[in-house]
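In: next come a sequence and a model predicted from it.
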4 protein chains.
Amino acid sequence: MKFGVIGYGYWGPNIVRNLVNLEGSQVLAIAEISPQARARAQKAHPDVKVIASALEVITSPDIDAIAVVSPVWTHYELTKAALENGKHVFVEKPFTSTSAQGEELVNLAAQKNLKVMVDHTFLFTGAVKKIKQLVDDKALGNLYYYDSTRVNLGLFQHDCNVLWDLAPHDLSIMDYLLKGDPEAIVATGQGHLNGHEDVAFMTLYFPEKVIAHINVNWLSPVKVRTTLIGGEKRMLVWNDLEADEKLKVYDKGVKIGSKEGVYELLVSYRSGDMWAPQLEQGEALRNELSYFVDCVSTGEEPFNNGSAGLRVVRMLETASESLNKKGSLVYL
Amino acid sequence: MKFGVIGYGYWGPNIVRNLVNLEGSQVLAIAEISPQARARAQKAHPDVKVIASALEVITSPDIDAIAVVSPVWTHYELTKAALENGKHVFVEKPFTSTSAQGEELVNLAAQKNLKVMVDHTFLFTGAVKKIKQLVDDKALGNLYYYDSTRVNLGLFQHDCNVLWDLAPHDLSIMDYLLKGDPEAIVATGQGHLNGHEDVAFMTLYFPEKVIAHINVNWLSPVKVRTTLIGGEKRMLVWNDLEADEKLKVYDKGVKIGSKEGVYELLVSYRSGDMWAPQLEQGEALRNELSYFVDCVSTGEEPFNNGSAGLRVVRMLETASESLNKKGSLVYL
Amino acid sequence: MKFGVIGYGYWGPNIVRNLVNLEGSQVLAIAEISPQARARAQKAHPDVKVIASALEVITSPDIDAIAVVSPVWTHYELTKAALENGKHVFVEKPFTSTSAQGEELVNLAAQKNLKVMVDHTFLFTGAVKKIKQLVDDKALGNLYYYDSTRVNLGLFQHDCNVLWDLAPHDLSIMDYLLKGDPEAIVATGQGHLNGHEDVAFMTLYFPEKVIAHINVNWLSPVKVRTTLIGGEKRMLVWNDLEADEKLKVYDKGVKIGSKEGVYELLVSYRSGDMWAPQLEQGEALRNELSYFVDCVSTGEEPFNNGSAGLRVVRMLETASESLNKKGSLVYL
Amino acid sequence: MKFGVIGYGYWGPNIVRNLVNLEGSQVLAIAEISPQARARAQKAHPDVKVIASALEVITSPDIDAIAVVSPVWTHYELTKAALENGKHVFVEKPFTSTSAQGEELVNLAAQKNLKVMVDHTFLFTGAVKKIKQLVDDKALGNLYYYDSTRVNLGLFQHDCNVLWDLAPHDLSIMDYLLKGDPEAIVATGQGHLNGHEDVAFMTLYFPEKVIAHINVNWLSPVKVRTTLIGGEKRMLVWNDLEADEKLKVYDKGVKIGSKEGVYELLVSYRSGDMWAPQLEQGEALRNELSYFVDCVSTGEEPFNNGSAGLRVVRMLETASESLNKKGSLVYL
């Protein structure tokens, strides 16, 4: 499979490196606007054509698929052009700037019978794969909540707030793990420096009383990447910054009962062992790109397709609406 | 100073033990409804009168001050009765169930020239004292945010939700540290077991773009007591579960600038040493009760007086209103 | 069972408190040389006779058993007197100052048909009980090593070095867990302040290539209580300072093999899940004292008897001999 | 400066990458015995000559300096040949297999007026640089001890024991930080699998009562890289596995005094703030290689020269002698 890559900034080099090393894929061309970044690309990959024009890459007849690794506001135009030129597309998260754009692209891909995959890299980590398995196997029982903290110092983005920058990770994971779409969203936050919110909090009401919460912050002195998931039978803590033991599953629970003749509900606690399952190693992005190549080859629809990307964009859009009203409840 | 103590459940024994050991204070009587708790009280304190009737204690002419250590819904009645009988009052948090009750008690105390102190114990810990000093000395610069996580497994309360149970700690600390009252509050949450919210999140908009956030949860497999405070000049992390180094002050910051001729704002990061100041040791409750005795003796108005308790109750009341609407913005 | 307690310094109050609360035991008298400590004892236990003379307690006809909670150099005399007066003895660790003393006491107790128990409290913690079970169940496979770090700032002892102060804990645990006695010991160390070694390291060669190591230090800025135990099949880390998850069992191992026709040995690694078993809660000292009362009643010989105490003293004595030679190998 | 590199196994690629990127240095040739490794080298560095023969590289007239990145037992022969061919040498640690070899190389380099640098990479990390500065500035006061734990699972070496594998790091750091050479060494250990010790402990007696200790282990379920350094005025903990705050300096101390008329020495404790200085970032190996290029250019003698490497080999040799006697005290 022959790839053209658009964008060689922060993430682009990782995409190119993985595509180059992957069995069955090849990078023919890289388009990048910055001359310095082009020079870096050419030095690292002397055999690849490195040019300024995205359009030239997109319209190249030798190319089967386009990886769009450019700023969010360009995703729609570039993906659309790629699809119109008959290319499959691997595109960075968040998928698009608006859900209208996302819908259009999803429809276009379906119509053209082309694959679109949105780069929700975390879904291909050992930790999220194991959590997905635990949830699907009912090891946690019915879920109660999903609570993620994703804070650090910087990097401030100039074209979006902290929610659009950091929350897509959690939203794509929630979308993967939790049943159904959120019914309503509340987002609060504050901007202190460049006009964009740098601290934000988001609550999502999912069906069946599942509540999700995301805490994102560009102004934290310490880096935190911790997610708590509570279920009826077990609970887990995922600390992505741990070198080992990223995932801890607690055999703990709370049960509600009632004694005969007693009207007050009784809450009882159960506490047992903790267990840190060994996680699959390997670079998530490599697994994801390999899956993309497979999906294109076999015709299988990727689970992180345009529709998945669109669902995340809808949550972000709804959160923005709530945030603009300082935290109103907004139904999806 | 002679004390009567109402309530000898979970917290009462600590109050009595400290009052007994304190220079200048004495416990004459304990009122407690449960016979088992009365037996425990009598065994631990053979010299103290232990009875069932709160009223008898409150009306006792020998007693100067009443410590109200009973459930929240009884605070108003008992404090009112104590004040009407000319007693100073030390009362558990939250002060009252409604702000109307709190206002009435504040007025009554003023009118009777009696002291009311609300047990905001955390304000007397070494960690909060040091943070207060750092804030007042402008060591953090202008504040950006206050973000607290206070989660653990249980104990479920039967008469209130997790916000009323756990958030008063953080609200009293915010009230102590931050300038002004919050202007608006958004609270979200979900109850899964006994009808009361067991997971809740609260955003408070304070003046001058200071945003505060509280994450409380009775369904967490792990106990967390961590607060982040971000300022223009420095930032800190207070982890109350650390045996040593509870407080870490980071010489880190973010600055906004603009290059000449450049319209885009530039964000620059500053990163320096971390510093864990040694904190004052000693039991916070002992310090607080000693301060109460002093305030009554000298006539000094305690900073954690009825008005402080009332401000916390107003925040809780507002949060409840928001929570009932699943997260509407409610102005105070 | 009626107890007399000799010594009410640092540890004595815990012994008395537990004996008082224990079903089937009673404290009749406390002997303590310091008037201040006697006053504290009397205040806390108004019903108990508190006197200066140990001999008076030891010879009291109403008393069944003596708890010796005084400095090490007094253990021999007091235990001997107690045994001669027909009393069972619960004595602090280390059992005696010399192995000759220990042997004499063990013989005397046997001859008088009295029980002696040495206070190796750690053997009654949930962590050590679970480790013992794992070792006995062969869950770890054949053991490779036992490595303990037990360091903190102070408390300097005036009558012994850091080995005699801190190592008895680890030595009694090793004695409990490992097969056989150590064959040889090497101890190194250095004293910097009061003439006694304040930093010391001890290696013990046990049978079947099991090696044990203890790192003790009164001059560490941080407190550490961590033990690693490596086995053929599994390995564990016991961190006694963790509030939860004190014990972590790793399904990890190393295997040696040889490929056909290859002379070089091949080492292969196995890495699996980590598991933190829930540990029995409850105060270790209470469990131990309850076991002492049971052993006296039923005639069962306690596993932490005088012989166990003597084995620990022998290791300390041997270590001292090695330490005096700056680290010579000394066979037991 | 033109380099030839001998060895492209585990560490060689890092050496080559850094030399290639460094201003003022160039890699002309790589010698490597394994065909697979040669293929990797050639793919990564298409412009560099990659051959099997070390001798051909060493004798190449275009080459100014040789980096010896091959197994320890080859260091002596290769370094000798390089020096004899007039090349400066950068050689992996440990410098040589015996001190006799090391002495010969030190003399040869002096005679030929060539530079030899031994790759004690840790001396070029931000952490060790800061510790060196603290020690030199007397911020810690007189030193009491240096205690390092360096354990993990594997990698078993086939040609040396765990001491020769892991201890050189600590020995080179001690050599850098502590005054004088050790006066005597005691080493204990045990081998369980392939005939080489896989668990070992080493005590070094330095002048002025400074005691050093190293705990190395290939059979630990967890990775630990922690060093404690205790001084009269301050103490520090260096945890190299921490992402941030690798170094913590404690304003704690112990003092010995004597009250008038009191014969017993009094020990008093001082406890103050903890401080985690920001450390210099950047790859240590890059800094070290840049320093090597500078030393060759300017003629400055590197502090991690052959003599430094020789001192470390002497300590290892002495430790081996002690270890062979199961822990005898061996004077240097």
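Out: Happy to help now that I have it.
In: okay, CA-based contacts and neighbour counts for the rest of this
Out: Noted.
In: was I right to think residue A:295 contacts residue A:301?
Out: Yes: here residue A:295 reaches residue A:301: they are 6.2 Å apart, a contact under C-alpha atoms under 8 Å.
In: what touches both of the two?
Out: Shared contacts of residue A:295 and residue A:301 (C-alpha atoms under 8 Å, 6 or more residues apart in numbering or on different chains): residue A:115.
In: contact residues of the stretch 101-250 of chain A facing chain B?
Out: A:144-145, A:154, A:156, A:158, A:186, A:188-194, A:199, A:201, A:203, A:209-211, A:219-221, A:228, A:230, A:235-237, A:250 (C-alpha under 8 Å from any C-alpha of the partner chain).
In: so which of the residues you listed belong to helices?
Out: The members of those all map outside helices under DSSP state H.
In: other SSEs contacting the helix or strand bottoming out on mean pLDDT in chain A?
Out: Every helix and strand in chain A was compared by mean pLDDT, DSSP states H and E; the lowest is strand A:266-276, with a mean of 86. Helices and strands touching strand A:266-276, by 3 or more C-alpha pairs under 8 Å, 6 or more residues apart in numbering or on different chains; DSSP states H and E, are strand A:247-257, strand C:266-276.
In: in the first one, what's buried?
Out: Read that as strand A:247-257. Going by neighbour count (16 or more other C-alpha atoms under 10 Å in any protein chain shown), the buried part of strand A:247-257 is A:247-254.
In: equivalent analysis for the last one, please.
Out: Within strand C:266-276, the residues that count as buried by 16+ other C-alpha under 10 Å are C:267, C:274-276.
In: picking up where we left off before, which residues touch the least confident helix or strand of chain A?
Out: So strand A:266-276 is in contact with A:245-259, B:154, B:156, B:194, C:245, C:273-278, going by C-alpha under 8 Å, 6+ apart.
In: hey, C-alpha coordinates of that strand in PDB?
Out: Extracted in PDB, the C-alpha atoms of strand A:266-276 (Å, rounded to 0.1, in the frame of the first residue of the first chain):
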ATOM      1  CA  LEU A 266     -27.900  -0.700  53.900                       C
ATOM      2  CA  VAL A 267     -24.700  -0.200  52.100                       C
ATOM      3  CA  SER A 268     -22.100  -3.000  52.500                       C
ATOM      4  CA  TYR A 269     -18.500  -2.900  51.200                       C
ATOM      5  CA  ARG A 270     -16.500  -5.700  49.800                       C
ATOM      6  CA  SER A 271     -12.700  -5.500  49.600                       C
ATOM      7  CA  GLY A 272     -10.400  -8.100  48.100                       C
ATOM      8  CA  ASP A 273      -7.200  -8.500  46.200                       C
ATOM      9  CA  MET A 274      -5.700  -6.100  43.700                       C
ATOM     10  CA  TRP A 275      -4.400  -7.400  40.400                       C
ATOM     11  CA  ALA A 276      -2.200  -5.700  37.800                       C
END
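In: just the angle between it and strand C:247-257, please?
Out: Put simply, strand A:266-276 runs at 30 degrees to strand C:247-257, going by axes from the mean of the first three to the mean of the last three C-alpha atoms, to 10 degrees.
In: show me what the following helix or strand past strand A:266-276 is packed up against.
Out: Later in the chain than strand A:266-276, the nearest helix or strand by DSSP states H and E is helix A:284-298. The helices and strands touching helix A:284-298, judged by 3+ C-alpha pairs under 8 Å, 6+ apart, are helix A:12-21.
In: list the contacts of the helix it packs on.
Out: In contact with helix A:12-21 (C-alpha under 8 Å, 6+ apart) are residues A:3, A:5-6, A:25-27, A:41, A:69, A:285-286, A:289.
In: show me those that map onto strands.
Out: Counted as lying in strands by DSSP state E, out of the contacts of helix A:12-21, are A:3, A:5-6, A:26-27.
In: what backbone torsions are found at residue A:310?
Out: phi -60, psi -40 (degrees, to the nearest 10).
In: now residue A:63
Out: Here is the backbone geometry of residue A:63 (degrees, to the nearest 10): phi -100, psi 130.
In: list the contacts of the closest residue to it other than its chain neighbours.
Out: The shortest distance from residue A:63 to any non-neighbouring residue, by C-alpha to C-alpha, 6 or more residues apart in numbering or on different chains, is to residue A:2 (5.1 Å). The contact partners of residue A:2, by C-alpha under 8 Å, 6+ apart, come to A:25-28, A:62-65.
In: using CSV, lay out those residues together with pLDDT and neighbour count.
Out: Compiled in CSV, these are given as follows (pLDDT from 0 to 100; neighbours: other C-alpha atoms under 10 Å in any protein chain shown):
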residue, pLDDT, neighbour count
A:25, 94, 17
A:26, 95, 18
A:27, 97, 25
A:28, 97, 20
A:62, 96, 14
A:63, 98, 21
A:64, 98, 19
A:65, 98, 28
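In: so which of those residues comes closest to residue C:329?
Out: Using C-alpha to C-alpha, residue A:25 is the member of these that lies nearest residue C:329, at 63.2 Å.
In: mind checking how far the residue nearest to the closest one when sequence neighbours are not counted is from chain B?
Out: Excluding the flanking residues, the one nearest residue A:25 by C-alpha to C-alpha, 6+ apart is residue A:1, at 4.7 Å. According to C-alpha to the nearest C-alpha, to the nearest Å, residue A:1 stands 40 Å off from chain B.
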